[in-house]
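# only geometry, no sequence info:
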């Protein structure tokens, strides 16, 4: 009789499940559910491109589909499998993705009177309406509570918990007033599965609280009332209806309630683990440990690593350092790049002629084919990867893309390569910042679609980062991390053992090629000049006159 | 009985004719001949993208076609027209476009043993193989003959006479040694028409000599032997086989010889005017006078104006100041931008998806349709127009394009608009430099395909330059200038009267729109920061950090 766990991964456009055998690590089933509402699951507003919301009902509809789908696949693939042998469920979600909740513990959006109000829906992580509020919070914290900023990289983001709530308070007070409390998506779903109707009872994730809500034990949890009052007295009174404590993801938030057990086809009473964010969960699913950086490479890129407690006090410009946010006994460190896959997708959607292929996929393949054998620098191009701002280490949304070195012969596949290189240079900036602050990065493990699909990109990254790049074998590393936490929440397993059993990597590890490393180190020096000149207010002005000439000289040498 | 002249305009990819009635200015006929050799008339080298050569035979084959074609059209359109009433022929060509000539006065390329050697062909103006030689000449002149550089904008170009000859000497001495002399395309064709077999008798154009060959009466003509010896003693000995004097274009170089009269169907003995460059001829065909800047807008843009003699001694960074190179009694001033139409063509050929249209023309129209109503700055983009280097005022081929401000929503038509704006900003830099050195620019007249086809571009230029923009009515302003000189060479006309009779403009003059002028003046200030930071070695380093933020702020205001 085997033992199994299910991990559920709620992404930006869809959710998916993974059913694993905890003794062998074998994956028995996985089902995907695209959110039916809006455009690819996202509710947008024609008047404001910054708005990105979701429907909470999509999450519940998806829950049934993806759990039942995985169980059916499990039964089909292994005759010995029985749903009765599932010991726990873990859940990860995007974040900070927050939901206004009424007094009955229901999303405000389920209430008839708020049914059509976008502000009563889920505020998705990539909603960027709260820029002004984020600046206000950053500026107040810089003045009154500088310790807050040290844990979140120096700038509080418009994507985060308090910015979004303050935005709602300012722009739609009716919604704010009707909300009894607010909850992160990753904290809501476990509570739902456990049948917990009273928000005060809900367990909150240290991952979400620590990375997005300025929660830290050093200052007694959430920001204090005086600080919140200075933003708005109504925020201060909300504080008491939020939470006092937060917990790591391997601790159960409760057990599966009979109603949901029946909907899902699982035994009631099995463990439901604490929620956490997808990237952090994915890092666990990629066997993260100190010295290993996990890059979750998708539309944007999230970098996760862990450091022994107290070894890293502060890494300026890095999104967060939160004890227990990834592995229970280490400091979780998160950084990221705002546009990676999105950047390539923007380019191929808007600027690649059909001579490269009829479909998106054909265009990407043809561009890769035509640029894969180019030597570093041979395009003559150099780009900044800031089309969606910069999350780490500049934490500045008011930045934009830059492309330099174009001639009258520059072709789309060369620009594509330059964009890939730009994201790799951005990744190197983050690694150098980590190492400069006592967080070593010896090895990089990549996961996500890009790492599996684009071998040229992976080699470029290995050459730019000058480090071996391993690739996680499956596409479900986030769900894998969630399943591991689901299993550990049952009390019968520990994280490290399950990582050994379950985490798998491709046989091929990308190794840096020394002549490419040398050329990219030249290019990176130029990238840094652009990065610091356009990205940092405190940079000593430098002459950029040599840049175009050095790019041309390098190009001529490399062709 | 009327009186007529023919102008012949030898462009980069084709040559064309214009037959005009000198009493009425009516255009009776015009024929085009695309050069048959190479790619669109250009002989290229797969190993070196800098090579651009032409076949001299193409010019002669074209001569017959375009003259006979114009005469036939003339007869068809006006029963009173007779070829016997043509009083003169004028010719303009691209330049510096130079031909190695043997002792018999024939192009070396006509000689069997050099038939397949690209270095024995015509070295087209846009051949960029002689970069190192141009630098060597500039550096020697800066050291020994600074006066040379003052007349050519401070830098001797790789596109010019001596650079190309020195390149040939260094890289293909067999061709150099076999060449008895070298001649500009615009000087060769008039000599051919007059049946002049002896190169020593050939008249040389002050336009070509002064703008491209460092010829000036202040130092007794061509560069002295000591200077040339310092480059290479063989250049010094070539000097005596070149020329001692040069003349303005209204002076005849001779009369049409019987052999060519028969080929062309014209009376022998009519006047053949001195040759000149296409842009200078086009300026005459656009009624250039002091205070008026003519912009010949094609693949690249050439700016021509004239100043009363001695009013302008030097304009740093402007390609040349040559007495008599445009109008006989004024200083001809030439500046230019290396890529304008070429820049848009590169973009639409390489980076515009087929969703804008199936053909090049459809794509341009759709892009114009989608961007024409955008307000200045609404794209959030800012570009440098240096994809083909910068001719004025930086005179630096080792520069490249730059595009800044891209988001994940930036579309092709927005980039197209930013590229147009970049060329307009580049045009403004030139005008400001002229005015700062005593050459006023009150009005701008545009000619060339772009000025007739792209109303949005013309309005953007008027707004950026903050000046009214007139548009020449015909597409054949260069051939018109040549026809005017052909007529004047007959001794029966003067330039000013013919300009009055023959030069026509569109009814619509583009007028600057004040709110656009204001927004573009903000954008131009940012353009100047990029221009000076990346383009000038002597710029005091400045912080570029505010640029992206100011572009975003302006964008948000203008949308």
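Perfect, I can see it now. These numbers come from a predicted model, not from an experiment.
# output the lowest mean pLDDT helix or strand found in chain A.
strand A:320-323 (a mean of 86; mean pLDDT, DSSP states H and E).
# which outside residues touch it?
Residues from elsewhere that reach strand A:320-323 (C-beta atoms under 8 Å, 6 or more residues apart in numbering or on different chains): A:151-153, A:206-207, A:210-212, A:216-217, A:307, A:309, A:312-315, A:330-334. C-beta coordinates here come from the backbone N, C-alpha and C atoms, glycine included.
# next one: stretch A:157-169
Here stretch A:157-169 has contacts from A:96, A:98, A:100, A:119, A:123, A:125-134, A:136-137, A:156, A:175-176, A:179, A:182, A:184, A:208, A:212-214, A:223, A:231-232, A:234-235, A:238, A:319, A:391, A:395, A:397, using C-beta under 8 Å, 6+ apart.
# returning to that earlier point: pairing partners for the least confident helix or strand of chain A, with directions?
Each strand that pairs with strand A:320-323, with its direction, by DSSP bridges: strand A:330-337 (antiparallel).
# where along the stretch 401-550 of chain A do the helices fall?
A:412-436, A:449-453, A:455-465, A:477-489, A:495-502, A:514-535, A:545-558 (DSSP state H, counting those that start in this stretch).
# lowest average pLDDT across those?
Mean pLDDT is lowest for helix A:449-453 among those, at a mean of 88.
# list the buried residues for that helix?
A:450-453 (16 or more other C-beta atoms under 10 Å in any protein chain shown).
# of those, closest to chain B?
Taking C-beta to the nearest C-beta as the measure, residue A:450 is the one of the buried residues of helix A:449-453 closest to chain B, at 16.1 Å.
# list the contacts for the closest one?
A:297-298, A:340-341, A:457.
# only whichever of those residues are buried, select them in PyMOL.
Restricted to buried positions by 16+ other C-beta under 10 Å, the PyMOL selection for the contacts of residue A:450 reads:
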select buried, chain A and resi 297+298+340+341+457
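# shaky segments in chain A?
Residues of chain A that meet the criterion pLDDT under 70 lie in A:1, A:310-313.
# please tell me how far residue A:305 sits from residue A:279.
Applying C-beta to C-beta, to the nearest Å, the value for residue A:305 to residue A:279 is 11 Å.
# buried residues, the one helix or strand residue A:307 maps to. List them.
For residue A:307, the enclosing helix or strand under DSSP states H and E is strand A:301-308. For strand A:301-308, burial by neighbour count (16+ other C-beta under 10 Å) applies to A:301-307.
# what pairs with that strand, parallel or antiparallel?
strand A:291-297 (antiparallel), strand A:330-337 (antiparallel).
# on that earlier part again, among the contacts of stretch A:157-169, name the ones in helices.
A:131-134, A:136-137, A:175-176, A:208, A:212, A:231, A:234-235, A:238 (DSSP state H).
# can you name the residues of the stretch 1-150 of chain A that neighbour chain B?
Proximity of the stretch 1-150 of chain A to chain B, by C-beta under 8 Å from any C-beta of the partner chain, involves residues residue A:49.
# residue of the stretch 1-150 of chain A closest to chain B, please.
residue A:49 (6.8 Å).
# now that residue, what's its secondary structure?
Three-state call for residue A:49 (DSSP: H, G, I helix; E, B strand; the rest coil): strand.
# can you give me the distance of the closest residue to it other than its chain neighbours to residue A:444?
Using C-beta to C-beta, 6 or more residues apart in numbering or on different chains and skipping residues adjacent in sequence, the residue nearest residue A:49 is residue B:409, 6.8 Å away. Using C-beta to C-beta, one gets 31 Å for the distance from residue B:409 to residue A:444.
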